[in-house]
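Peer 1: Below are the sequence and a predicted model for it; my questions follow.
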Amino acid sequence: MESTMGYWRLAVVLCVAGWGWPVWGQTAARPGNENDPMDRPAEYGVRFTPTMARSLAGKMTEQFFVNHHQLDKSKADKVTEMIARRVMQFAHQNDTAGQDLAEFAFTELLENTRANHGRGMNEGMPKRLAQGIGSRVVPIMPSIRDLTNGVLQDVRPELSFKEQLKLTGEVAAANVALDAFEKNMQGWAKGEVDPFGNPFEDRQAELQKDQKGETRALRAARSSAEGASKSKPGTEWQTYVEEAKKYYQLDPSQAAAADSLLRDYQQRAEIAVGKLEEWRARVYRNKLFVSLSMRLPGGWQNNPMRILMDRDGEEMKEPLEALGDGLKGRIEEIPTAGQREAAEQRVRAAFVEAGLNLDEPPATAPAEEAEK
């Protein structure tokens, strides 16, 4: 599932290259209003440049191919150039459509934010915005498919045989996601909008029943709920303790003390939740109903079942969060003052290496101080 979602993101990021950085040119004003600056947009804007394409392509190479598909880092520059060329080709083919979409979406988002007094899109995707996006995206879907599949085909020969086999299944998953995306965009263009729906998910396919009479949505919700219910209460604290030992570079005796505290608080957690099997059953039910409620059409955020399950989840977490805070407080008492100082210095050095020196004053004083 994670790899499939990764390729959904790949498709989105690639498409943004053509939509988000259009060439904004001069648009003629209405007759008789040539000199009114409020009657026509600005003449110049931001162009999508090859340098931007290479930067975007480099990030995608690192995330999708080096990290996920173990691409040989010596081939990263070559793959980056392949992707950048595809992205620039897409941008040139769709510069007018990209300009139209970007201007429409930006305007609608600003209007929506103003109308909601800064509350953003708390009610999900506005119908007018979705309809405008859908009508503008559908005509360029062939280019979107060519871009996404072209990148994957270009990179395939650069991967190991094992990774090529893995990529084959993921290409199929990417195309399934694009099929769902195109179908949803067609629906959006007609005004058929689920405010909280995933545009890369085919809702009808999710609700089709198999031979057992179960839907894919139900199977996915059950899988997620089972995973959440198998863990013992307080299991997540293990990660915090391990990170604290590394951060403060605790010695063996200090690390043993931290591990002892972890075991103690995990035992307290089991006592706090009561009978373990009953607690697991409650977690399973909560996660199952939350997952299913998220797939309800319309305003699932305000659905009574979702609200009830959120409250139930908070009630289950409350005693565990209190214990977790207590454990973290005890762990923070273990390192010496010297270990704390050394840890802070390592963090500062990492910031400096990244180009940010926390010890330097701001380059310019705030306006109100400058006026004094």
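Peer 2: Arrived safely, thanks for sending.
Peer 1: For the helix or strand where residue 54 lies, list every residue counted as buried.
Peer 2: Assessed by DSSP states H and E, residue 54 sits inside helix 50-60. For helix 50-60, burial by neighbour count (16 or more other CB atoms under 10 Å) applies to 52-54, 56-58, 60. Where you see a C-beta, it was placed from the backbone N, CA and C, and this is true even at glycine.
Peer 1: dump the residue contacts of residue 175.
Peer 2: With contact set as CB atoms under 8 Å, 6 or more residues apart in numbering, residue 175 has these partners: 145, 149.
Peer 1: quick one: it from residue 159, how far?
Peer 2: 18 Å (CB to CB, to the nearest Å).
Peer 1: any low-confidence regions in the chain?
Peer 2: 1-46, 116-123, 205-207, 295-302, 358-372 (pLDDT under 70).
Peer 1: how's it carved up into domains?
Peer 2: 2-201, 216-353 (automatic domain parsing).
Peer 1: Out of those, flag the one nearest residue 208.
Peer 2: Taking CB to CB, domain 216-353 is the member of the domains of the chain nearest to residue 208, at 7.0 Å.
Peer 1: can you tell me which residues contact the closest residue to residue 176 other than its chain neighbours?
Peer 2: Closest residue to residue 176 apart from its sequence neighbours, by CB to CB, 6 or more residues apart in numbering: residue 202 at 7.8 Å. The contact partners of residue 202, taken as CB under 8 Å, 6+ apart, are 176, 179-180, 183-184.
Peer 1: Quick one: neighbours of residue 112, just the number.
Peer 2: Residues lying near residue 112 (other CB atoms under 10 Å) number 17.
Peer 1: Grab the nearest non-local neighbour of it.
Peer 2: The nearest residue in space to residue 112 (CB to CB, 6+ apart) is residue 126, at 5.4 Å.
Peer 1: Residue 182 and residue 95, how far apart?
Peer 2: 21 Å.
Peer 1: From residue 216, how far off is the residue nearest to residue 176?
Peer 2: 10 Å.
Peer 1: Where does residue 198 sit: helix, strand or coil?
Peer 2: coil (DSSP: H, G, I helix; E, B strand; the rest coil).
Peer 1: For it, give its distance to residue 190.
Peer 2: From residue 198 to residue 190 the distance is 18 Å (CB to CB).
Peer 1: Look at these two and report which has more neighbours.
Peer 2: Comparing residue 198 with residue 190 by other CB under 10 Å, the one with more neighbours is residue 198, at 17 against 11.
Peer 1: phi, psi of that one?
Peer 2: phi -80, psi 120 (degrees, to the nearest 10).
Peer 1: ok, now residue 215?
Peer 2: Torsion angles, degrees, to the nearest 10, at residue 215: phi -90, psi 160.
Peer 1: that older thread, TSV for the contacts of residue 202, including distance to residue 345?
Peer 2: Formatted as TSV, those follow (distance: CB to CB, whole Å):
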residue	distance to residue 345
176	50
179	53
180	50
183	55
184	51
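Peer 1: Neighbour count and distance to residue 256 added to those residues, as a markdown table?
Peer 2: Formatted as a markdown table, the contacts of residue 202 follow (neighbours: other CB atoms under 10 Å; distance: CB to CB, whole Å):
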| residue | neighbour count | distance to residue 256 |
| --- | --- | --- |
| 176 | 17 | 50 |
| 179 | 15 | 55 |
| 180 | 20 | 52 |
| 183 | 15 | 58 |
| 184 | 23 | 55 |
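Peer 1: on that earlier part again, quick one: the helix or strand following the helix holding residue 54 to chain centroid distance?
Peer 2: Proceeding N to C from helix 50-60, the next assigned helix or strand is helix 76-93, under DSSP H and E. For helix 76-93, the separation from the chain centroid amounts to 23 Å (computed by CA atoms, centre = their mean, to the nearest Å).
Peer 1: Can you name the secondary structure element that comes next after helix 76-93?
Peer 2: Beyond helix 76-93 toward the C-terminal end (DSSP H and E), the next one is helix 95-115.
Peer 1: ok, and for that next one, which residues are buried?
Peer 2: Buried residues in helix 95-115 (16+ other CB under 10 Å): 95, 97-99, 101-102, 104-105, 108, 112.
Peer 1: Helix, strand, or coil at the closest residue to residue 193 other than its chain neighbours?
Peer 2: Nearest residue to residue 193, sequence neighbours excluded (CB to CB, 6+ apart): residue 130, at 4.3 Å. Three-state assignment for residue 130 (three-state DSSP): helix.
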